[in-house]
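Q: model this:
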Amino acid sequence: MSQLLKIASLLTVADHYMFGFEDEQTVGSSELLPDEGSWIGWGEHGLMISVITELPEKEVRLEYCGGPPPDPDGHEMTEISTVALPTGSISHSLLAGGIEHDVFRIPPGRYVVRISSWDRQATALEYRQAGERSDFDRTDPEFAAAYQRLTGKERYLIQFWPET
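A: Below is the predicted model of the structure:
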């Protein structure tokens, strides 16, 4: 079993139904938009995740492992590719929402990356239903409660391990 060396977690919103991560030295240098029908856009130095609904905030956990970790249980979707991280300093991209630098730091190098997701469909459905009942009014107590309950329900696990 692979050793888990580092963990970071964050909540993110999506901008234009996407959020991503890439090496800070190469932010914006490659086209990361997912292809039609795909939920992940891969670039040489990063990735962009396409979501079903922009809100509420999604939970993202980043893991750095010494080797291939076990496949996570119960995921809804998963995909694997490789990225090169010249600095190892990973930035969080929200497209027009800006960039948050150095959210996760690992040694520079080439990595296999596995992204797994949970509760994409269920969160989007429940959010839409609550919003339709209240016209997406955040001052409506029922909608506010649903928003709070759904924050972080949609989850993503992004695992990095050295390419061999």
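Q: isn't Glu142 up against Ala130?
A: Yes. Because the distance of 6.7 Å satisfies CB atoms under 8 Å, Glu142 is recorded as touching Ala130. To be clear about C-beta, it is placed using only N, CA and C from the backbone, and glycine gets the same treatment.
Q: so between those two, which is more surrounded?
A: The residue with more neighbours, out of Glu142 and Ala130, is Ala130; 19 against 11, by other CB atoms under 10 Å.
Q: contact partners for the more buried one?
A: 142-143, 146-147, 150 (CB atoms under 8 Å, 6 or more residues apart in numbering).
Q: which members of those residues are the farthest-apart pair?
A: Using CB to CB, the contacts of Ala130 span at most 12.4 Å, a distance reached by Glu142 and Leu150.
Q: okay, and which of the contacts of Ala130 map to helices?
A: Among the contacts of Ala130, the ones falling in helices (DSSP state H) are 142-143, 146-147, 150.
Q: CSV please, covering those residues and showing pLDDT and distance to Ser134.
A: CSV is the format used below for those (pLDDT from 0 to 100; distance: CB to CB, whole Å):
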residue, pLDDT, distance to Ser134
Glu142, 94, 6
Phe143, 95, 4
Ala146, 94, 8
Tyr147, 94, 10
Leu150, 96, 13
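Q: most neighbours, which of the residues you listed?
A: Top of the ones in helices among the contacts of Ala130 by neighbour number is Leu150, holding 21 neighbours under the definition other CB under 10 Å.
Q: just give the closest residue to that one, not the sequence neighbours.
A: Distance criterion CB to CB, 6 or more residues apart in numbering; nearest residue to Leu150, sequence neighbours excluded, is Pro56 at 4.8 Å.
Q: and the pLDDT at the one you found?
A: pLDDT, Pro56: 93.
Q: tell me the secondary structure for it?
A: coil (DSSP: H, G, I helix; E, B strand; the rest coil).
Q: the chain should start at 466 in everything you say after this.
A: Got it, first residue is 466 now, which makes that one Pro521.
Q: ok, so of the contacts of Ala595, who is nearest Ser546?
A: Taking CB to CB as the measure, Ser546 lies nearest Leu615 of the contacts of Ala595, at 28.7 Å.
Q: now the helices: where do they sit in this structure?
A: 585-599, 606-615.
Q: turn the contacts of Ala595 into TSV, including distance to His566.
A: TSV is the format used below for the contacts of Ala595 (distance: CB to CB, whole Å):
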residue	distance to His566
Glu607	38
Phe608	34
Ala611	33
Tyr612	28
Leu615	28
